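K.L.:
sharing a sequence plus its predicted fold:
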Amino acid sequence: GTRRQGSWQIVTAPTLVINSDWSRNAFGAVLSAQSMHYLSAPGQDWTNATVSAGGRIDLGGDQFTLAASHLALHEDRTRIDNLPTDNPIAFQVDDVRASYTWNLGRWSIIPNLQAAHWSYRSATIQGVPADQSYRDRLVGAGAVTLRYEWAPLRNLLFVVRALGQDYLHV
């Protein structure tokens, strides 16, 4: 069997958050990283990073929102649902979202769209290369929300949503 060994860990997790405090319109951004260093098992080290920015433009009573993110992540190989790879599997997610809110008194109509591209790096399982490109995919989602404010901070929502996923290397 495989000899299992514990290890002390050093975790570093800096984050920078920028937010506007304007009375109209808004902007926000996040830059973060998390690094895990295993003192007795340096082959298991990983660093995740996120860059995300978004904004809202107020147009009369309506609002347009746009956001984009880039995430460089790793799958923790100790999770029960992950592959038994020799090292954590690196992957990236690029995501963009947009929505528009039409305010019509107590009623609001909010269409939104989201698209994400997932991309996986190759891995090894007991030293044998294991291509992970079969997991690369484009994910799209769209929705329309109809909102009725029947009292302050009390809303009724009706949501219609469509989701799609297209694997790129099948």
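P.N.:
Happy to help now that I have it.
K.L.:
when you work out contacts or count neighbours from here on, use the C-alpha atoms and nothing else.
P.N.:
Fine.
K.L.:
where does this protein have low pLDDT?
P.N.:
With pLDDT under 70 as the threshold, the chain has low-confidence stretches at 1-4.
K.L.:
what residues are up against the closest residue to residue 164 other than its chain neighbours?
P.N.:
Leaving aside its sequence neighbours, residue 164 sits nearest to residue 140 (C-alpha to C-alpha, 6 or more residues apart in numbering; 5.2 Å). Shown in contact with residue 140 (C-alpha atoms under 8 Å, 6 or more residues apart in numbering): 113-116, 163-165.
K.L.:
make a markdown table out of those residues and add secondary structure.
P.N.:
Formatted as a markdown table, the contacts of residue 140 follow (DSSP: H, G, I helix; E, B strand; the rest coil):
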| residue | secondary structure |
| --- | --- |
| 113 | strand |
| 114 | strand |
| 115 | strand |
| 116 | strand |
| 163 | strand |
| 164 | strand |
| 165 | strand |
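K.L.:
quick one, which of those are buried?
P.N.:
For the contacts of residue 140, a neighbour count by 16 or more other C-alpha atoms under 10 Å gives the buried set as 113-116.
K.L.:
nearest to residue 87 among those residues?
P.N.:
residue 116 (25.0 Å; C-alpha to C-alpha).
K.L.:
how about the closest residue to that closest one other than its chain neighbours, what does it touch?
P.N.:
Once flanking residues are discounted, residue 116 sits nearest to residue 95: 4.2 Å by C-alpha to C-alpha, 6+ apart. By C-alpha under 8 Å, 6+ apart, the contact set of residue 95 is 68-70, 114-117.
K.L.:
kindly report the same for residue 111.
P.N.:
Shown in contact with residue 111 (C-alpha under 8 Å, 6+ apart): 99-101, 142-145.
K.L.:
try residue 71
P.N.:
48-51, 92-94.
K.L.:
turn those into CSV, columns for secondary structure and distance to residue 64.
P.N.:
As requested, the contacts of residue 71 are exported to CSV (DSSP: H, G, I helix; E, B strand; the rest coil; distance: C-alpha to C-alpha, whole Å):
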residue, secondary structure, distance to residue 64
48, strand, 30
49, strand, 27
50, strand, 23
51, strand, 21
92, strand, 27
93, strand, 23
94, strand, 21
